[in-house]
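1. mind looking at a prediction? Sequence and model below.
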Amino acid sequence: GAGVSQSPSNKVTEKGKDVELRCDPISGHTALYWYRQSLGQGLEFLIYFQGNSAPDKSGLPSDRFSAERTGGSVSTLTIQRTQQEDSAVYLCASSFSPGGSSPLHFGNGTRLTVT
Amino acid sequence: GENVEQHPSTLSVQEGDSAVIKCTYSDSASNYFPWYKQELGKRPQLIIDIRSNVGEKKDQRIAVTLNKTAKHFSLHITETQPEDSAVYFCAARHTDKLIFGTGTRLQVFP
C-alpha cells in the first residue's frame, strides 16, 4: 500500500518568506509526527497529532512554527518568516497506534533551504 | 526532558566483522526502544524494536539487548555486509513520542 507522502520534496525559499510543508499519512494511521533533521544530525521532535488534536507541541522551536491536521489525515507544517537556521529536512511519520509505542513509518521528507 | 545518548558517532568495520552501537536513556518510564536505519538520501526505516518486558530480541543478523536497570540498550549486527552501511538511530519512548539518539554512521568495508 501507499506509504507516507510528503510534498514538496525540495523547497528553496528566501529568508523572511513563509513556507508550507504537507504530509499525507498512511490511511488508518491515527498518530502523526513531525521531526526535523539538520545536516548530519539526529531527528529532532517537533509536534505530535492524535487525530486532529496536538497533545504535544513541545518541540516547536519558536512561534514562527505551527502545524495543523484536518480530517484525521493530511497535516501541514507552516514556517513563517523563515530564517537560515530553519534549513533542514523535515520528516513526517505516522503510526497505527498513538502514544509512541508502535513503529513509526516515515515519509521521504521535505528538504528546506532558506537562502 | 528525555535524553537519548548514542555511541559511537561513527563506526568502521571490515566485512564479516560484528558491529555494536550503544544507547542510554534517561526516562525510567520508557518502555519501547526501536532502531532505525537510514541509507543516504532515504527515509529512516525500522529494522528492529524491543519492549521493556524482554531483555533481548534477535532477527537474523541483528539483535537488540536491553538493560532496564542501567537504562541502556544496544544494537548488534553480526557478519556485516557492505549493504549494512548507513546511519543507525536508536530511540526511546517518552510520554507520547519517540526521542531519537544522534545517530551512528556505520561503514562496512569489503
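-> Right, received. Where do you want to start?
2. around chain A, pick out the residues from chain B.
-> Residues of chain B lying close to chain A (C-beta under 8 Å from any C-beta of the partner chain) are B:1, B:6, B:31-32, B:34, B:36, B:42-46, B:49, B:51, B:89, B:91, B:93-103. (C-beta placed from N, C-alpha, C; glycine too.)
3. quick one, which of these are buried?
-> Those of the residues of chain B next to chain A that meet the buried threshold are B:6, B:32, B:34, B:36, B:43-44, B:49, B:89, B:91, B:93-95, B:97-103, by 16 or more other C-beta atoms under 10 Å in any protein chain shown.
4. what comes up buried for stretch A:51-71?
-> A:54, A:56, A:59-60, A:65, A:67, A:69.
5. gap between the two ends of it?
-> End-to-end span of stretch A:51-71 (C-alpha to C-alpha, to the nearest Å): 8 Å.
6. I'd like the mean pLDDT over it, please.
-> Averaged over stretch A:51-71, pLDDT sits at 92.
7. what pairs with the lowest-mean-pLDDT helix or strand in chain B, parallel or antiparallel?
-> Least confident helix or strand of chain B, by mean pLDDT, DSSP states H and E, is strand B:97-100 with a mean of 92. Strand pairing for strand B:97-100, determined by DSSP bridges: strand B:86-94 (antiparallel).
8. three-state assignment of the nearest residue to residue A:12 once chain neighbours are set aside?
-> Counting by C-beta to C-beta, 6 or more residues apart in numbering or on different chains, residue A:12 lies nearest to residue A:113, which is 4.7 Å off, once chain neighbours are set aside. Under DSSP: H, G, I helix; E, B strand; the rest coil, the three-state class of residue A:113 is strand.
9. for residue A:113, which residues are in contact?
-> Residue A:113 sits next to A:10-13, A:87 when contact means C-beta atoms under 8 Å, 6 or more residues apart in numbering or on different chains.
10. out of those, who's the most crowded?
-> Neighbour tally across these (other C-beta atoms under 10 Å in any protein chain shown): the maximum, 18 neighbours, falls on residue A:11.
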